[in-house]
Structures are given as structure tokens and as C-alpha cells.
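Colleague: missing the sequence, but the structure's below:
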């Protein structure tokens, strides 16, 4: 699995801890990495992902559907799931403010072994680390 | 004139650099079934 993940686009380093079942992925300097692709790569290795957390830096924007999203690059953004922490960043949507957020991007649904390919990843904010 | 251009360049840099540096910093997964 480590080798398979290491071959994915945008991956610089992969650390696997067999003891606590954790996989740490360090993206390359440009941060251009697709979490959905990593999720698929792990499943393709025969391992089930229970949770995926990301730390990302970007702007809070309103997408075409009116939902708030964290835009990490001009062509990559993650819709933000509603919670109390979202309310703290909501007033700064579409402003030049840049946030560093830690959030849960995927949580394995109960009873399902494989994620639906069509399911989009939603970011549930766990921590607002920095605002610039 | 050159000073005005430099000031303008600096201001544009302040606006665009944070956007360009937006990115994914780290990904952590908890997995099951790993041997």
C-alpha cells in the first residue's frame, strides 16, 4: 500500500504505522494532490479507509450552488459540511482572508465496505489553525 | 515613476501570493485491515 500510494500524483512521502493503523501522506511542495484519488488507491490495495483528515490552506468561497467551500487551488475546492466551526469562518466567505483548516474529509459509512465513486468529499472542519 | 511601479507590484504581491500558496499541507488516514 505504501508503494502504491507513493506512486500517486502529488505525493512526496508516505508514513505507515502498523501499530495504530495510521497512514500519513505528505504532499509535494505545490500541494497539488487529489484526496479522492488517494482514497481509491488505498482501497485498491485491499485496505479499508475508516477516516481521512486533511490540513489545508485556502480561501472560503461560495460555490455555484451557494454552498461554502474551501478553495485550495483555482481548480480544487472542497464543500464544507455545516457545523459550529463553519459559522466562525462563514462571515469571511469570498473575502481575501486565507485559512489553514484541519478537517475530516471522509468517514466510512456504517455497513459499507467501499466508498461510492460518485460520492463527493465534504470537509467537516475540526480546527481553524490559522487565519491570514 | 519607478517608485510607484514598485509600490503597485508590492500591493499586487500582497493580494495574490496568499492565494497562490493555498494548498493541501497534510493528509492523515486511519485504516482497517492492514497487515
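Modeller: Cool, got the structure. All values derive from a computational prediction rather than experimental measurement. Numbers count the residues shown, from 1 in each chain, chains lettered A, B, ... in the order given.
Colleague: and stretch A:29-37, how far apart are its ends?
Modeller: End-to-end distance of stretch A:29-37 (CA to CA, to the nearest Å): 18 Å.
Colleague: so what touches that stretch?
Modeller: A:8-12, A:25, A:27, A:52, A:54, A:56-57, A:72-73, A:76, A:105-106, A:121, B:22-25, B:27 (CB atoms under 8 Å, 6 or more residues apart in numbering or on different chains). For the C-beta atoms, the positions are set from N, CA and C on the backbone; glycine is no exception.
Colleague: list the buried residues for that stretch?
Modeller: Residues of stretch A:29-37 classed as buried under the neighbour-count rule (16 or more other CB atoms under 10 Å in any protein chain shown) are A:31, A:33, A:34, A:35, A:36.
Colleague: would CSV of these with distance to residue A:91, secondary structure and pLDDT be doable?
Modeller: Output for the buried residues of stretch A:29-37, formatted as CSV (distance: CB to CB, whole Å; DSSP: H, G, I helix; E, B strand; the rest coil; pLDDT from 0 to 100):
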residue, distance to residue A:91, secondary structure, pLDDT
A:31, 26, coil, 71
A:33, 29, coil, 89
A:34, 30, coil, 90
A:35, 27, helix, 92
A:36, 29, helix, 91
